[in-house]
Structures are given as C-alpha cells and as structure tokens.
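Q: Need the 3D shape of this:
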Amino acid sequence: MTVDPQLIEILVCPESKQPVAMAGPEVLEGLNAAISAGRAVTLGGEAVADAVTEGLLREDGRILYPVRDGIPIMLIDESIDVTDYTTRARPR
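A: Sure, this is the predicted structure:
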C-alpha cells in the first residue's frame with residue numbers, strides 16, 4: 001500500500017520542517033542491510049527489527065520516516081538516520 005502523493009506534498013519533517021519524498025530503492029536496500037545486521041536504530045534509540053519496505057526521506061537525505069500499511073509514521077523518535085547505512089540517501 002503506497003502513500004497518497006497528495007499527502008506527501010503536504011507532509012514535512014516534524015523536526016526541521018523540510019519536505020519529504022518517497023525513499024528510493026538504494027536507500028531502502030542500505031537501511032535493510034543494516035537492519036539485518038542489527039545495526040539500525042531509531043532516533044529514539046530503539047533497534048529497528050523489521051525490514052522497511054517504504055519510507056519518506058527528508059529533503060536533505062539524512063532522516064527516514066517509515067511507512068507502515070500505507071501510513072507515514074511521522075514521529076521523531078520513530079525516524080531513522082540513514083546516513084550511516086547508504087551513500088546515496090536522496091529522495092525520489
């Protein structure tokens with residue numbers, strides 16, 4: 001289930017107020033490799049246990065907000081800093 005494009009247009013990062021866009025496959029692949037290796041954590045400090053199939057990436061390419069069942073989880077503590085997990089962290 002994907003996020004409605006009209007919703008994405010109005011969503012912003014709750015911390016920086018930067019726009020967000022759907023994360024590309026290279027970001028998700030890098031993040032999921034880190035999850036499999038047990039290295040991925042949320043900004044709240046919790047380990048990320050489940051693979052991320054969709055996410056909204058902040059405009060600067062650093063922070064990803066996971067999407068679960070088509071619902072963006074726009075909570076700072078649930079977001080993931082992806083800069084350590086991918087070299088090409090850019091939104092689509």
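
Q: which strand in the chain runs the most residues?
A: strand 63-68 (DSSP state E).

Q: give me the low-pLDDT residue ranges for this protein?
A: Within the chain, the stretches with pLDDT under 70 are 87-92.

Q: one step back: could you give me the buried positions within the longest strand of the chain?
A: By neighbour count with 16 or more other C-beta atoms under 10 Å, strand 63-68 contains the buried residues Ile63, Leu64, Tyr65, Pro66, Val67. C-beta here means a position set from N, CA and C on the backbone, and glycine is covered the same way.

Q: burial count for the closest residue to Ile71 other than its chain neighbours?
A: Nearest residue to Ile71 in three dimensions, chain neighbours excluded: Val3, at 7.9 Å (C-beta to C-beta, 6 or more residues apart in numbering). Residues lying near Val3 (other C-beta atoms under 10 Å) number 17.

Q: does Val3 really touch Arg68, like I thought?
A: No - between Val3 and Arg68 there is no contact under C-beta atoms under 8 Å: 10.6 Å.

Q: So for Val52, what's the nearest residue that isn't a sequence neighbour?
A: In space, Val52 is closest to Pro66, 5.2 Å off (C-beta to C-beta, 6+ apart).

Q: got the residue ranges for the strands in the protein?
A: Applying DSSP E to the chain gives strands spanning 20-22, 55-58, 63-68, 71-72, 80-81.

Q: Can you check which of those strands gets nearest to Ser36?
A: strand 80-81 (14.1 Å; C-beta to C-beta).

Q: Give me the distance from the closest one to the chain's centre.
A: Here strand 80-81 is found 7 Å from its chain centre; the criterion is C-alpha atoms, centre = their mean, to the nearest Å.

Q: what's the offset of stretch 35-47 from the middle of its chain?
A: Remark: stretch 35-47 is offset 12 Å from the chain centroid, using C-alpha atoms, centre = their mean.

Q: Count the neighbours of Pro19 for me.
A: 17.

Q: Give me the distance between it and Val48.
A: Distance of Pro19 to Val48, computed by C-beta to C-beta, to the nearest Å: 23 Å.

Q: Understood, closing this out.
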